[in-house]
Every structure is written in structure tokens, then in C-alpha cells.
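Student: structure for the following, please:
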Amino acid sequence: MSTPAETVSQFGRFIEDGACFEAHAPPARRWMNVHHNDYGMEPQDRELYSLVSQYGDGPTQFRAADGTTVCLVNFESSVIYVRDDDSCEAFSPSGCPLPVPVQDLRVRYRAESTEIASRAFGLAVTQRIFVPRREPVQIWTITLENQTDQPRRLSIFAAVRFDLDGGCTIEVDPVPGDYLFEVTMSDSRGLTEVSDTVAVTVLQRWATGGEIS
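Tutor: Sure, this is the predicted structure:
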């Protein structure tokens with residue numbers, strides 16, 4: 001009979017003095033990490049919390065000051081695509097949902113972030129997902145490394161499907177400066193040298209009523 005430590009070691013190991021679990025084998029089910037902003041300190045505080053799986057997806061929920069809670073994004077509803085614009089080869093860091101295998105897949109679960117790293121088509125990619133302490137937003141950072149000796153023309157696409165199926169919603173009074181979804185990134189970044197690295201950021205800013213500072 002295997003011990004809990006032996007069972008865990010089938011999927012990964014603890015690193016960084018135990019502060020991070022690095023998974024290197026896919027478990028039978030989703031392993032979820034929880035990220036949320038600080039809330040409850042002021043009456044007007046709004047909470048955003050996300051469950052993030054090894055695929056980079058998972059429900060993101062918002063809770064208003066009066067306790068009203070609504071799911072904004074659900075499972076299988078958010079993804080990053082990386083494409084080589086010359087060969088048209090494309091993949092996702094986690095290997096899903098595109099049926100394109102990736103190599104050296106590692107998922108690092110930390111208290112403050114979830115990080116997905118892999119390689120495909122001569123590119124190393126790392127996707128980091130976290131919720132900052134002071135904002136009701138979820139942020140993705142994407143880092144690409146060209147591991148070939150050829151220049152590359154690349155595109156990065158972020159896709160999100162909002163959970164707008166007629167369920168519970170929050171009244172929103174739009175004002176200048178409100179955002180529903182904001183992407184701060186370039187559609188295409190050229191990597192021109194061996195081991196040249198570029199990083200972009202995807203910022204999900206949810207409209208939750210009132211002005212978002």
C-alpha cells in the first residue's frame with residue numbers, strides 16, 4: 001500500500017523549500033489552485049476569486065459588498081493560443097484545448113500564482129496566472145523563448161467565454177473608466193535571435209459596478 005508521499009511523488013514534487021508544488025505528470029482530475037484579492041477590510045470591498053487548474057481554466061467569481069455572488073467565467077472558458085505566423089503551427093501552454101502535444105510540461109502551484117510551462121515547435125512558453133491583492137482582476141503573463149537559430153514571427157491570442165447564460169447577474173452602472181475585458185498585449189511579437197525572450201501581459205478587468213480605479 002502506497003503512502004501519501006509516494007502517491008504525490010507520482011505527479012510531482014515540492015520545490016522552493018516547500019512553497020511550491022511542481023507537477024510533471026497529469027493527474028486523473030483537475031488540480032485547482034485558489035487566488036483572490038484582499039477583501040473585507042472596508043464596507044465597499046469587492047471580492048474576486050479564481051480557481052485555476054493545470055489547464056489554466058477554472059471558475060472566476062465576483063462577490064459584491066452585500067454578499068451577492070456571480071460566476072463570471074467557468075471551466076473550459078479561458079485559454080491562451082500561441083501561433084507561428086510563418087508555419088501556422090499553433091499550441092496552448094497546457095496542451096489543451098488544441099490537440100497538439102507539448103513537451104516538458106510543468107505546472108507550478110504557489111500560494112500567489114499558478115504557472116504553466118512547456119515547449120513546442122522550438123518555443124518555450126510560460127503562462128502565469130494570479131489575482132493581485134489590491135484589485136478585483138485576474139492577470140496572465142506570457143513569456144516566450146525562441147529556442148531555434150531562426151527568426152520567428154509569432155502571435156499570441158487570449159480567448160475568454162463569459163458565463164452569460166441568464167443566471168444571477170450584477171447590476172452595472174457603467175461610468176467612464178469601467179472595463180469589461182481589457183487585453184494589454186501586442187497581437188504579434190517577433191523573436192529575432194536565438195534564446196530571445198519576450199513577455200506580454202493579459203489583464204482581465206471585470207465590470208462590477210461603479211468606477212474601477
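Student: centroid residue for the chain?
Tutor: Nearest to the mean C-alpha position of the chain, counting by Cα atoms, centre = their mean, stands Ile129 at 3.8 Å.
Student: any idea which helix or strand in the protein has the lowest mean pLDDT?
Tutor: strand 188-191 (a mean of 47; mean pLDDT, DSSP states H and E).
Student: coming back round to it: ok, residues contacting the strand or helix carrying the residue nearest to the centre of the chain?
Tutor: Using DSSP states H and E, Ile129 maps to strand 123-130. Residues outside strand 123-130 that contact it (Cβ atoms under 8 Å, 6 or more residues apart in numbering): 35, 50, 52, 56, 80, 82, 84, 93-94, 112-119, 138-147, 152, 154. (C-beta placed from N, C-alpha, C; glycine too.)
Student: Phe62: how many residues sit nearby?
Tutor: 19 (other Cβ atoms under 10 Å).
Student: same deal with Gly58?
Tutor: So Gly58, with other Cβ under 10 Å, has 23 neighbours.
Student: mind checking which of the contacts of strand 123-130 are in strands?
Tutor: Here DSSP state E is the test, and the contacts of strand 123-130 give 35, 50, 52, 80, 82, 84, 114-119, 138-146, 152, 154 as lying in strands.
Student: and those, which are buried?
Tutor: In these, burial by neighbour count holds for 35, 50, 52, 80, 82, 84, 114-119, 138-146, 152, 154, counting by 16 or more other Cβ atoms under 10 Å.
Student: show me which positions of stretch 36-56 end up buried.
Tutor: Applying 16+ other Cβ under 10 Å to stretch 36-56 flags 36-37, 46-56 as buried.
Student: sorry, that was for stretch 96-114
Tutor: Buried-residue list, stretch 96-114, by 16+ other Cβ under 10 Å: Cys96, Leu98, Val102, Leu105, Val107, Arg108, Tyr109, Arg110, Ser113, Thr114.
Student: and the furthest pair within those residues?
Tutor: Put simply, by Cβ to Cβ the two of the buried residues of stretch 96-114 set farthest apart are Leu98 and Arg110, 25.9 Å from each other.
Student: wait, doesn't Ala23 sit right on Thr114?
Tutor: No: the pair Ala23 and Thr114 does not pass the contact test of Cβ atoms under 8 Å, sitting 10.4 Å apart.
Student: list residues touching both of those two?
Tutor: Val107, Arg108.
Student: backbone dihedrals for Ser9, please?
Tutor: Dihedral pair for Ser9: phi -70, psi -20, per degrees, to the nearest 10.
Student: what separates it from Pro93, distance-wise?
Tutor: Relative to Pro93, Ser9 is positioned 24 Å away (Cβ to Cβ, to the nearest Å).
Student: which one of those two is surrounded by more residues?
Tutor: Shown here are Ser9 and Pro93; by other Cβ under 10 Å, Pro93 has more neighbours (29 against 13).
Student: for Thr126, see how far away that one is.
Tutor: Counting by Cβ to Cβ, the gap from Pro93 to Thr126 is 7 Å.
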